[in-house]
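**Q** output the structure for:
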Amino acid sequence: MEDEPGDRPQAHTVRLELVDEPGELLRALEPIANNGGNLLSIFHERGSLTPRGHIPVEVDLECHPSRFPGIIDALRDAGVNVIRVDREHYGEQVTILLIGDLIETDLSDTLTRIESNASTSVVDLSLSGQNGTDDVSSARMRLAAETGNVIGALDAVREIASEKDLRVVEPLVGEP
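**A** Next up is the predicted model:
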């Protein structure tokens, strides 16, 4: 992509969530470099974990404004979970309950599919099961969504829950 005349590089902060495996940080940085981003700093929070047990990484970069959307798209295309772009952290949050055979139906897959909706992130998760993994369990999830997309996030959760025969308890959202 060609830079617009007069465009000056601008600084951006991108918060990522990475699996704790060798090469993951490099895999996340390549789409930035390959799409015209210049790294300013990397804060790799190895000592803390996200609700899904991954490592949060904050990357400061600069690029021409016309290149930034392509960098974000390339990160997502590479399978990197982008949880915040600049200061536009997800503007709305909603708490839901999922009830059913969460472990049997692969909770990790459920979380990954919810977050594959580019405008949704699971920011908190609490799992409870009276009889361990052999019975019905429940998960309280706090979802963060881009402003105006809570309904889309809930639609994605409903679709996944329907496929996995899970029940969703959700708050009322929308106009009064």
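
**Q** going forward, measure contacts and count neighbours with C-alpha atoms only.
**A** OK.

**Q** would you confirm that residue 62 contacts residue 40?
**A** Yes - counting by C-alpha atoms under 8 Å, residue 40 is a contact partner of residue 62 at 7.0 Å.

**Q** any stretches of this structure with poor pLDDT?
**A** Applying pLDDT under 70 to the chain flags residues 1-6, 51, 87-91, 118, 131-134, 172-176.

**Q** what about the longest helix seen in it, distance to the chain center?
**A** Ranked by residue count and defined by DSSP state H, the top helix of the chain is helix 150-163. Centroid separation between helix 150-163 and its chain, computed with C-alpha atoms, centre = their mean, to the nearest Å, is 15 Å.

**Q** which residues does it contact?
**A** Contact with helix 150-163 is made by 92-94, 98, 110, 113-114, 117, 119-120, 144-145, 167-168, 173-174, as judged by C-alpha atoms under 8 Å, 6 or more residues apart in numbering.

**Q** buried set for that helix?
**A** For helix 150-163, burial by neighbour count (16 or more other C-alpha atoms under 10 Å) applies to 150, 153-154, 156-158, 160-161.

**Q** in helices only, show me the contacts of helix 150-163.
**A** Checking the contacts of helix 150-163 against DSSP H, those in helices are 110, 113-114.

**Q** out of those, who's the most crowded?
**A** The most crowded member of the ones in helices among the contacts of helix 150-163, judged by other C-alpha atoms under 10 Å, is residue 114 (23 neighbours).

**Q** in terms of contact, does that residue touch residue 107 like I think?
**A** No - if you go by C-alpha under 8 Å, residue 114 and residue 107 don't touch, sitting 10.6 Å apart.

**Q** now residue 12: phi and psi?
**A** Main-chain torsions, residue 12, degrees, to the nearest 10: phi -140, psi 150.

**Q** show me what it bridges to in the sheet.
**A** Note on residue 12: beta-bridge partners by DSSP bridges are residue 61.

**Q** go ahead and confirm it touches residue 64.
**A** No - using C-alpha under 8 Å as the test, residue 12 is too far from residue 64 to be in contact (10.3 Å).

**Q** most widely separated two among the contacts of helix 150-163?
**A** Taking C-alpha to C-alpha, the two most distant members of those are 110 and 174; they sit 24.7 Å apart.

**Q** before we move on, back to that, dump the ones in helices among the contacts of helix 150-163 to JSON lines, plus distance to residue 48.
**A** Below are these laid out as JSON lines (distance: C-alpha to C-alpha, whole Å):
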{"residue": "110", "distance to residue 48": "22"}
{"residue": "113", "distance to residue 48": "23"}
{"residue": "114", "distance to residue 48": "22"}
